[in-house]
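S.K.: coordinates only, no sequence provided:
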């Protein structure tokens, strides 16, 4: 998409295309890139300029109207279109739906006004006065720069004459000797000097230095920050900036500084891509767009602030930015279920199954039985592949929400009716696995026996008593009740992860049929992604 913006608004109508640029490598699928631009200078909308090619933008309804009707209070905009067919010859022109036969393109000076600046991974060239570098664009008097280059060439020759000849003295003496052997007379003052025609000092050979080191050897992050500042300055008269993977080479605090720097200039629109949660945390959700591509190649763009109105998207993007960076999201009721899911993933991976990361799945906490379905709908509205993993001891206050989510394509997985995760663990597992579970909890929860006596009303004399009674149904119920009341597992991410990996995963076949089904459906959903 950044490439499309850059080539669609190219300052010079020069671009090379080949078959790999077409969808599915098929040149019979023509390329068409249409870019609509608003906030136009008054000179653009004059009838003698581009007035007959203007269109209307309805800012209230976010809608493009082909005819710019003043009575509807529409903003004047223009659309420029790039088309490429199997001839591989690009064609740029202004576009409207009403007068496609009247071809008109932007004038060169106007293309230069609209041309975006781009900060990509290859930035060293911008730290020298090379062709089309930022330093060259910042050079105000180009004629003066030519004089400087000519003087630089003269200084180089003079300095070599003074200091560099001794490097070649031995070889020059041999040349004189060899020439005499074949009868060629040379001037006695023969020496090695720089040839006026053989030496060319051009703009690309002059670069910024830090002490004796050229700035191009800076770390990737430092070089990017510096070039971003230079591009920002050079682009003050240009309306657009394009940045690939803005986080590349930057520490988190420097990412925050760069984003603030870019946002402090409201006259410039910045398009950037990111795969970093740090970047998302630093942005307002209104600044974030989610780009999705379907299996048929269709690409859609969704505003991150435009999902379900029942949630606060700014809270989600702050607390769990990783969720936005994966194609599939497993929304769990809470942190306990997140840990269980992560542990199951580790168990499955060790058994040779596809890990979450390969499938593009990220587990995220939904924040409770009522909030988790809202979070699932929010991400589904943004075209993510979503599944919902819930307890069954309490139902959502909205009785219809789970059925509605299923109709929207959200896979809903729940434990057996009336059971929380603690019920599944303490009442389904066999005695040996239950003992293993209690040992794991004991390492994390001090005073476990005292809590059991206090809340369950069951006198357990010592630890051995507890382990030996693991097969008793009444004790199992009391353990489940106490675990929920005292939150032995709740919010303990490391513990619940261990339980999923070492206990629930390897022994899921011991669970009730419905609980086995929930885990099996989760695995099927992961493989289907």
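M.R.: Done, it's in. All values reported here derive from a predicted model rather than from experimental measurement. Numbers count the residues shown, from 1 in each chain.
S.K.: please make it C-alpha for all contacts and neighbour counts, starting now.
M.R.: OK.
S.K.: looking at this protein, which strand is longest?
M.R.: strand 75-84 (DSSP state E).
S.K.: buried residues, stretch 402-410. List them.
M.R.: Residues of stretch 402-410 classed as buried: 402, 405, 410 (neighbour count, 16 or more other C-alpha atoms under 10 Å).
S.K.: does the first one sit in a helix or strand, and which one?
M.R.: When secondary structure is defined using DSSP states H and E, the element that contains residue 402 is helix 401-407.
S.K.: neighbouring strands - and their directions - for whichever helix or strand comes after that helix?
M.R.: Sequence-wise, the next helix or strand downstream of helix 401-407 (DSSP H and E) is strand 411-414. Sheet pairing here is set by DSSP bridges, and for strand 411-414 it gives strand 385-390 (parallel).
S.K.: what does the strand it pairs with contact?
M.R.: 327-333, 337, 369, 372-373, 376, 379-380, 409-415, 525, 529 (C-alpha atoms under 8 Å, 6 or more residues apart in numbering).
S.K.: so how far is that strand off the chain centroid?
M.R.: The chain centroid and the centroid of strand 385-390 are separated by 23 Å under C-alpha atoms, centre = their mean, to the nearest Å.
S.K.: ok, now stretch 81-97?
M.R.: With C-alpha atoms, centre = their mean, you get 30 Å for stretch 81-97.
S.K.: follow-up on the earlier one: ChimeraX command for the buried members of the contacts of strand 385-390?
M.R.: Only the buried entries of those go into this ChimeraX selection, using 16+ other C-alpha under 10 Å:
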select :327,328,329,330,331,332,333,337,369,372,373,376,379,380,410,411,412,413,414,415,525
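S.K.: check which residues of stretch 89-99 are buried.
M.R.: 90, 91, 92, 93, 94, 95, 96.
S.K.: and stretch 282-298, by the same measure?
M.R.: Neighbour-count burial for stretch 282-298 [16+ other C-alpha under 10 Å]: 282, 283, 285, 288, 289, 292.
S.K.: can you give me the pLDDT of residue 215?
M.R.: In this model, residue 215 is scored at 62, pLDDT.
S.K.: what ranges do the strands span in the stretch 201-350 of the chain?
M.R.: 209-210, 213-214, 240-243, 269-272, 289-293, 299-303, 328-332 (DSSP state E, counting those that start in this stretch).
S.K.: can you give me the helices in the stretch 201-350 of the chain?
M.R.: 220-234, 252-263, 277-282, 313-319, 335-350 (DSSP state H, counting those that start in this stretch).
S.K.: quick one: mean pLDDT over the last one.
M.R.: If you average the pLDDT over helix 335-350, you get 96.
S.K.: that one: how far from the chain's middle?
M.R.: 25 Å.
S.K.: which parts of whichever helix or strand comes after it are buried?
M.R.: Downstream of helix 335-350, the next assigned helix or strand under DSSP H and E is helix 356-359. By neighbour count on 16+ other C-alpha under 10 Å, the buried set for helix 356-359 is 356, 359.
S.K.: just checking, what packs against helix 356-359?
M.R.: In this structure, helix 356-359 packs against helix 513-528, with contacts taken as 3 or more C-alpha pairs under 8 Å, 6 or more residues apart in numbering; DSSP states H and E.
S.K.: hang on, the earlier thing: model confidence over the helix holding residue 402, on average?
M.R.: 95.
S.K.: what packs against it?
M.R.: Applying 3+ C-alpha pairs under 8 Å, 6+ apart, we find helix 401-407 packed against helix 371-381, strand 411-414.
S.K.: for residue 352, which of those is the nearest?
M.R.: strand 411-414 (23.3 Å; C-alpha to C-alpha).
S.K.: which other residues reach the closest one?
M.R.: Contacts of strand 411-414 (C-alpha under 8 Å, 6+ apart): 386-392, 402, 405-406, 515, 518, 521-522, 525.
S.K.: ok, then the element right after it?
M.R.: helix 421-428.
S.K.: residue 28 belongs to a strand, doesn't it?
M.R.: No: in this structure, residue 28 is coil, not part of a strand, as judged by DSSP: H, G, I helix; E, B strand; the rest coil.
S.K.: tell me the confidence at residue 153?
M.R.: pLDDT, residue 153: 71.
S.K.: what number of residues lie near it?
M.R.: Using other C-alpha atoms under 10 Å, residue 153 is surrounded by 17 other residues.
S.K.: closest to residue 166 out of the buried residues of stretch 282-298?
M.R.: Closest to residue 166, out of all of the buried residues of stretch 282-298 and judged by C-alpha to C-alpha, is residue 282, at 58.7 Å.
S.K.: how much space separates residue 61 from residue 73?
M.R.: 12 Å (C-alpha to C-alpha, to the nearest Å).
S.K.: out of those two, which sits in the more crowded spot?
M.R.: A side-by-side neighbour count of residue 61 and residue 73, using other C-alpha under 10 Å, places residue 73 first with 13 against 7.
S.K.: got any ranges where the stretch 351-500 of the chain has weak pLDDT?
M.R.: In the prediction, the stretch 351-500 of the chain carries residues with pLDDT under 70 at positions 456-461.
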